[in-house]
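Undergrad: Any chance you could fold what I've pasted below:
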Amino acid sequence: MRKPETVEKLYLDFDGFFASVMQQAIPRLRGRPVGVIPFPVEGRAADSTVVIACSKEAKAAGCKNVMPVPEARALCPDIILIPQRVDLFRRAHNALLNEIRCEIPIEAVKSIDEMACKLDRTTIPDPDSLAARIKDRIRRNIGPYITCSIGFAANRLLAKIACKMNKPNGVTIWRPEAMPGPLLPLSLSTIPGVGSRMGERLNRAEIWSMQDLWDAEPKRLRALWKNVNGERMWYALHGYDLHAMPTSRGMFGHARVLPPEWRDAEHAQACSRLLLTKAARRMRRDGYFANKLWLWLNIPSGGMSLGYDLPCIQDDQACLAALTSLWETAKKRIPHRARMVSVGVTLSDLCPAGERQLDLLLNDDSNRKKCETLTNTIDSLNRKFGKRVVTVGPWTTPPGGYAGGKIAYNRIPSAEDFW
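TA: Predicted structure coming up:
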């Protein structure tokens with residue numbers, strides 16, 4: 001295991017990405033407190049939703065991301081609520097990546113607003129100049145309202161923590177010879193992946209501070225984490241260069257917070273059809289089949305999840321038929337006139353296309369082959385025309401759109417997700 005003797009990693013995090021992109025795109029929002037909400041609502045109807053992202057002006061007034069609108073309004077009466085534009089965020093993300101790549105190759109895109117880069121012999125000697133060039137290029141070619149914070153360190157974890165130290169629009173360099181000095185005053189929650197539950201577990205083990213964590217034995221942290229990640233985290237904090245562990249795809253899914261007027265069973269079912277169609281399309285693009293379908297409902301009285309076994313399928317007809325069966329069961333269990341806050345679908349128990357084992361009685365019949373051929377033909381037509389021209393059954397998009405185009409932490413939507 002190698003321990004670098006100089007800074008080798010850059011971690012970049014855009015400041016208030018969603019809100020700053022909206023400010024750059026819409027001049028009237030510039031310099032004003034902005035809160036991005038999931039879908040368009042007017043007046044007091046917005047009180048039923050949350051601010052999913054806020055600008056630095058709103059944060060200065062005490063607002064936070066994922067804050068109920070009434071709380072945000074109480075802290076910042078002048079906040080401007082603006083519906084999200086996921087397609088705009090995706091285009092801004094791609095444009096920003098292109099600008100950064102002009103200065104340094106991107107090693108890993110971690111989310112829509114975070115990425116990591118590896119320095120080389122030309123950039124290691126002067127990280128300050130590299131950061132200044134990146135910021136200047138973004139300012140000149142994208143716009144001054146989208147800023148970023150940058151951290152430099154020996155490895156990616158330390159660079160990511162450093163990146164958060166001088167937000168917004170800051171640059172932090174943690175050189176190996178200075179460590180662990182800058183790290184020790186920080187709280188344990190500063191470490192990515194250490195949430196409240198893990199913090200409580202560490203406290204029960206008499207680990208209260210970053211110094212306690214630094215002094216702990218790596219095998220002890222492995223036991224506390226109950227997996228190798230605890231030990232890997234210890235070595236990363238001590239400046240060792242660790243390579244990311246390989247991962248495998250476990251599921252394809254989408255979820256959607258429902259607008260107030262769509263919180264009945266019929267509208268929730270219609271939305272789930274769209275979500276499942278888009279999840280199945282993504283699954284086919286990546287070459288997988290599914291053996292399980294899950295339907296998730298968030299109801300004020302409690303959540304509900306229902307599963308359905310699939311015969312290793314990927315075509316729309318089979319997926320939607322299974323979803324219909326799940327809804328027949330769900331409607332019998334949903335309390336009378338219950339309002340559904342959100343709905344989600346998940347295709348799981350995946351099988352790579354090259355490893356699919358057909359069931360003689362269920363999977364390899366002529367009807368299934370016809371359905372798969374039809375679905376592939378629909379996909380081909382939609383790709384050819386670059387939009388949604390053919391669908392299986394009705395296609396009613398909920399207010400605000402973007403069903404299936406949600407930006408998850410580890411996934412940036414493709415253009416096809418908006419068809």
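Undergrad: what's the domain layout of this structure?
TA: 7-179, 184-246, 251-418 (automatic domain parsing).
Undergrad: So for residue 1, which of those domains sits nearest?
TA: Nearest to residue 1 among the domains of the chain is domain 184-246; the distance by Cβ to Cβ comes to 5.2 Å. In short, each C-beta sits where N, CA and C put it, glycine included.
Undergrad: Tell me which residues of stretch 221-237 come out buried.
TA: Neighbour counts using 16 or more other Cβ atoms under 10 Å place 221, 222, 224, 225, 230, 231, 232, 233, 234, 235, 236, 237 of stretch 221-237 among the buried residues.
Undergrad: contacting residues around that stretch?
TA: With Cβ atoms under 8 Å, 6 or more residues apart in numbering as the test, stretch 221-237 has contacts from 1, 155-158, 180, 183, 191, 193, 198, 201-202, 205, 207, 213-214, 216, 218-219, 242, 245.
Undergrad: Next: stretch 13-23.
TA: Contacts of stretch 13-23 (Cβ under 8 Å, 6+ apart): 29-32, 34-36, 52-56, 58-59, 82, 84-85, 88-89, 92, 96, 112-114, 145-151, 160, 163-164, 167-169.
Undergrad: Please flag which of those residues sit within helices.
TA: Using DSSP state H, the subset of the contacts of stretch 13-23 located in helices is 56, 58, 59, 88, 89, 92, 96, 160, 163.
Undergrad: Report the buried members of the contacts of stretch 13-23.
TA: Looks like the contacts of stretch 13-23 have 29-30, 34-36, 52-56, 58-59, 82, 84-85, 89, 92, 96, 112-114, 145-151, 160, 163-164, 167 buried, using 16+ other Cβ under 10 Å.
Undergrad: hang on, residue 11 in a strand?
TA: Yes. Counting by DSSP: H, G, I helix; E, B strand; the rest coil, residue 11 is found in a strand.
Undergrad: And for it, the neighbour number?
TA: 27 (other Cβ atoms under 10 Å).
Undergrad: Beta-bridge partners for it, please?
TA: Per DSSP bridges, the residues bridged to residue 11 are residue 116, residue 151.
Undergrad: Report pLDDT for it.
TA: pLDDT recorded at residue 11 is 97.
Undergrad: how about it, what does it touch?
TA: By Cβ under 8 Å, 6+ apart, the residues touching residue 11 are 114-117, 150-153, 156, 159-160, 162-163.
Undergrad: ok, now how distant is residue 351 from residue 312?
TA: As judged by Cβ to Cβ, to the nearest Å, residue 351 and residue 312 stand 6 Å apart.
Undergrad: Spit out the residues that contact the two alike.
TA: 289, 290, 291, 357.
Undergrad: quick check, nearest of these to residue 75?
TA: For the shared contacts of residue 351 and residue 312, the minimum distance to residue 75 (Cβ to Cβ) is 43.8 Å, reached by residue 290.
Undergrad: how about that closest one, what does it touch?
TA: 252, 280, 283, 310, 312-314, 319, 347-351.
Undergrad: Which of the residues you listed fall in helices?
TA: Those of the contacts of residue 290 lying in helices (DSSP H): 280, 283, 319.
Undergrad: So for the helix or strand of the chain with the lowest mean pLDDT, what gets flagged as buried?
TA: Least confident helix or strand, the chain: helix 366-385 with a mean of 85, by mean pLDDT, DSSP states H and E. By 16+ other Cβ under 10 Å, the buried positions in helix 366-385 come out as 368, 371, 372, 375, 378, 379, 382.
Undergrad: if we can go back for a sec, buried subset of the contacts of residue 290?
TA: The neighbour count (16+ other Cβ under 10 Å) marks 252, 280, 283, 310, 312, 313, 314, 319, 347, 349, 350, 351 as buried among those.
Undergrad: can you give me phi and psi for the residue nearest to the last one when sequence neighbours are not counted?
TA: Once its chain neighbours are removed from consideration, residue 351 has its nearest residue in residue 289; the separation is 4.7 Å (Cβ to Cβ, 6 or more residues apart in numbering). Here is the backbone geometry of residue 289 (degrees, to the nearest 10): phi -120, psi 160.
Undergrad: What number of neighbouring residues does residue 289 come out with?
TA: Going by other Cβ under 10 Å, the residues that sit close to residue 289 add up to 24.
Undergrad: go on, residue 5?
TA: Residue 5, neighbours per other Cβ under 10 Å, totals 11.
Undergrad: Settle this for me: it is touching residue 176, isn't it.
TA: Yes. Between residue 5 and residue 176 a contact is recorded at 5.8 Å, counting by Cβ atoms under 8 Å.
Undergrad: part of a helix, is residue 240?
TA: No. Under the criterion used here (three-state DSSP), residue 240 is coil, not part of a helix.
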